[in-house]
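1. Curious how this folds, go ahead:
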Amino acid sequence: MLNIRNLEIKRRTKNGSEPLFSLNELTVEKGEIVTLMGPSGVGKSTLLRWVLGEPLPNFHIQGELRLNGEDIGERSIAARQLGMMFQKGGLFPHLTVEENCYFAQKPRSALTHQQQKDKALAMLNNLGLTDKRTVYPDSLSGGQYARIALICSLLAEPQAMLLDEPFSALDASLREDVRQWTFAQLKDKQMPTLLVTHDSADACGRVLEIQGTEVKGDVANV
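-> As a prediction, this is how the structure comes out:
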């Protein structure tokens, strides 16, 4: 379970700070997908980067962050045990697909190299992507790239997943298929998932919306 409380995000300016939005409390339960919607520039991606633990020198952010009941606000990125799917990128271009899969497991894995290899190949095989294991990311289609980016995130065995507009760069012909596949994988693994997007077509589960500087809860359920 991912829990955010008493959140306030401000952008630093020359004369002080500019409020973006505040949030009293948001809980994402095991196996639940929660969507936070809002227009570009309101701080949605900034919220995910704060949850992930990235340094954000251009923002002033206050809030409490808990994962499965434990305060993780002061932990390093690796120690937070969170997975992330980005709008663009996410795979190392100089590594093959299988090398990306191995690398994704390194920060928290106690497995041997061979065990990591077997685990990665098993997941690729289950999803019908074994034939892509030796190619580089720039040789993948948009749909293949998105699927393998999710595989790499899941191989790290996160306790919760963050999705930053992960479908917006896909062609319309691929978008819905990859969207449904991604949500099915996350629900199958009972992964608490927080998705941010500006497009209602990409929303899933419980939907909250940033309106002005406030978050309106449960504006829809899809």
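
2. Give the next helix or strand downstream of the lengthiest helix in the chain.
-> Ordering each helix of the chain by length in residues (DSSP state H) puts helix 172-188 first. Next along the chain after helix 172-188, taking DSSP states H and E as the criterion, comes strand 193-197.

3. Parallel or antiparallel, which strands does that following strand pair with?
-> Paired strands of strand 193-197, with direction, are strand 33-37 (parallel), strand 160-164 (parallel) (DSSP bridges).

4. Quick check: buried residues in the last one?
-> Of the residues in strand 160-164, those buried by neighbour count under the rule 16 or more other CB atoms under 10 Å are 160, 161, 162, 163, 164. To be clear about C-beta, it is placed using only N, CA and C from the backbone, and glycine gets the same treatment.

5. can you state the direction angle for that strand and helix 172-188?
-> Strand 160-164 runs at 160 degrees relative to helix 172-188, counting by axes from the mean of the first three to the mean of the last three CA atoms, to 10 degrees.

6. Three-state assignment for the closest residue in space to residue 117 that isn't next to it in sequence, please.
-> Nearest non-adjacent residue to residue 117, counting by CB to CB, 6 or more residues apart in numbering: residue 102, 6.4 Å away. Taken by DSSP: H, G, I helix; E, B strand; the rest coil, the conformation at residue 102 corresponds to helix.

7. For residue 102, give me its contacts.
-> 113, 116, 117, 120 (CB atoms under 8 Å, 6 or more residues apart in numbering).

8. Where do the strands of this protein begin and end?
-> With DSSP state E as the criterion, the chain has strands at 2-13, 16-28, 33-37, 59-67, 70-71, 82-85, 160-164, 193-197, 206-211, 214-221.

9. ranking those strands by burial, who's on top?
-> strand 193-197 (a mean of 25; mean count of other CB atoms under 10 Å).

10. Relative to residue 154, how far out is the nearest residue to residue 94 once chain neighbours are set aside?
-> Distances taken as CB to CB, 6+ apart put residue 136 closest to residue 94, at 7.7 Å, once the chain neighbours are dropped. Computed as CB to CB, to the nearest Å, the residue 136 to residue 154 distance reads 21 Å.

11. Pretty sure residue 43 sits against residue 8.
-> No - assessed by CB atoms under 8 Å, residue 43 is found out of contact with residue 8, at 10.3 Å.

12. and the strands paired with strand 193-197 as a markdown table, adding distance to residue 208?
-> Output for the strands paired with strand 193-197, formatted as a markdown table (distance: least, CB to CB, whole Å):
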| stretch | distance to residue 208 |
| --- | --- |
| strand 33-37 | 5 |
| strand 160-164 | 14 |
